[in-house]
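>>> Task: produce atomic coordinates for the following.
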Amino acid sequence: MRLAVCAEMVFTELPFLERVERIHAAGFDVELWNWTTKDIAALQKTGAGFSSMTGYVGGSLTHDQDRLLETAEQSIRVALELGCPRLNLHGTELDDRGLPVRPQYEVSGEMWLTAARTLERLADLAQRYDVTFVLENLNAEVDHPGVPFGKAADTLALVKAVDHPRLRLMLDLYHAQIGEGNLIELIGKAFPYLGEIQVADVPGRCEPGTGEMNYPAIAAALRKHGYQGTVGLEAFASADSELALRRFRDAFTNAEI
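Next comes the predicted model:
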């Protein structure tokens with residue numbers, strides 16, 4: 001497994017470029033959120049490897065889809081500059097607090113069909129540029145109330161329905177623990193469709209080892225299935241960021257099958 005760290009959530013006392021440099025120096029790839037606020041040329045100069053980044057700026061799977069496709073193509077061009085292979089999608093457009101711009105507490109059958117058609121268009125776009133979109137599950141109970149298609153079961157159903165190699169899952173185990181649980185069985189169901197995995201512990205959304213989740217067992221399950229992709233730490237540091245990175249690395253390098 002390859003390990004990455006989200007630069008938005010650790011070393012928060014430092015300017016963003018310094019965070020990226022610290023993560024890179026520690027031997028991790030880097031995850032990004034909103035690329036429009038970043039100095040892309042300066043990020044390139046850090047020499048860091050970028051594992052994933054936000055894949056759109058506006059629009060959603062069920063509303064203003066043309067805007068979604070337009071900003072997705074803009075995002076792809078930035079991803080190509082950074083050598084970033086995966087672009088992250090959500091069930092709807094989120095604001096700067098991570099809340100849905102248009103909360104949707106009930107999802108109709110027509111919305112499901114529309115979302116699948118939009119994802120087909122995105123997958124075809126990704127095919128043209130040789131990148132991959134990854135659809136992330138989000139929890140509605142704590143962090144993202146009103147987000148549609150939030151559960152891992154929802155994102156998995158959509159990815160399976162589209163059935164395109166350029167559309168995969170960003171399986172966020174923090175969100176799945178809050179929304180669904182039963183993570184090791186979930187990993188088995190989702191395994192053929194995984195594009196990347198993100199982790200944080202529950203409660204608190206800090207690094208592995210700070211909450212209720214058994215990450216060594218999760219890491220062992222991933223190895224048992226033969227997972228060789230990226231695991232990204234999308235978590236706050238409970239105290240010191242260097243310690244958080246060590247705990248993350250230990251959870252995914254010391255596990256036994």
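>>> Can you show me the helices along this protein?
16-25, 40-45, 65-82, 109-129, 152-162, 173-179, 183-190, 215-225, 241-253 (DSSP state H).
>>> Any idea how many residues pack against the closest residue to L167 other than its chain neighbours?
Closest residue to L167 apart from its sequence neighbours, by CB to CB, 6 or more residues apart in numbering: A123 at 4.2 Å. The way it works is simple: take the backbone N, C-alpha and C, and place the C-beta from them, glycine included. By other CB atoms under 10 Å, 19 other residues sit near A123.
>>> what's the pLDDT at M170?
Looking at M170, its pLDDT is 98.
>>> Can you give me the pLDDT of F191?
pLDDT recorded at F191 is 97.
>>> ok, it to I40 distance?
F191 is 33 Å from I40, where distance means CB to CB, to the nearest Å.
>>> where does the stretch 151-257 of the chain dip in pLDDT?
For the stretch 151-257 of the chain, the stretches with pLDDT under 70 are 255-257.
>>> between the helices of the chain, which one is nearest to V101?
helix 65-82 (11.3 Å; CB to CB).
>>> I figured the residue nearest to L167 hits V131, correct?
No: counting by CB atoms under 8 Å, A123 does not reach V131; the two are 10.5 Å apart.
>>> tell me, what's touching the two both at once?
Common neighbours of A123 and V131 are listed as R166 (criterion: CB atoms under 8 Å, 6 or more residues apart in numbering).
>>> Dig out what the residue nearest the centre of the chain forms beta bridges with.
For the chain, M170 is the residue whose C-alpha lies nearest the centre (CA atoms, centre = their mean; 4.8 Å). Listed by DSSP bridges, the beta-bridge partners for M170 are E136, E196.
>>> residue contacts, it?
Residues in contact with M170 (CB under 8 Å, 6+ apart) are 52, 86, 88-89, 134-137, 155, 195-198.
>>> would you turn those into CSV with distance to S241 and neighbour count?
Shown next, in CSV, are the contacts of M170 (distance: CB to CB, whole Å; neighbours: other CB atoms under 10 Å):
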residue, distance to S241, neighbour count
S52, 20, 28
R86, 24, 24
N88, 22, 23
L89, 28, 25
V134, 25, 26
L135, 29, 27
E136, 23, 23
N137, 26, 29
T155, 29, 28
G195, 26, 24
E196, 21, 24
I197, 21, 26
Q198, 17, 25
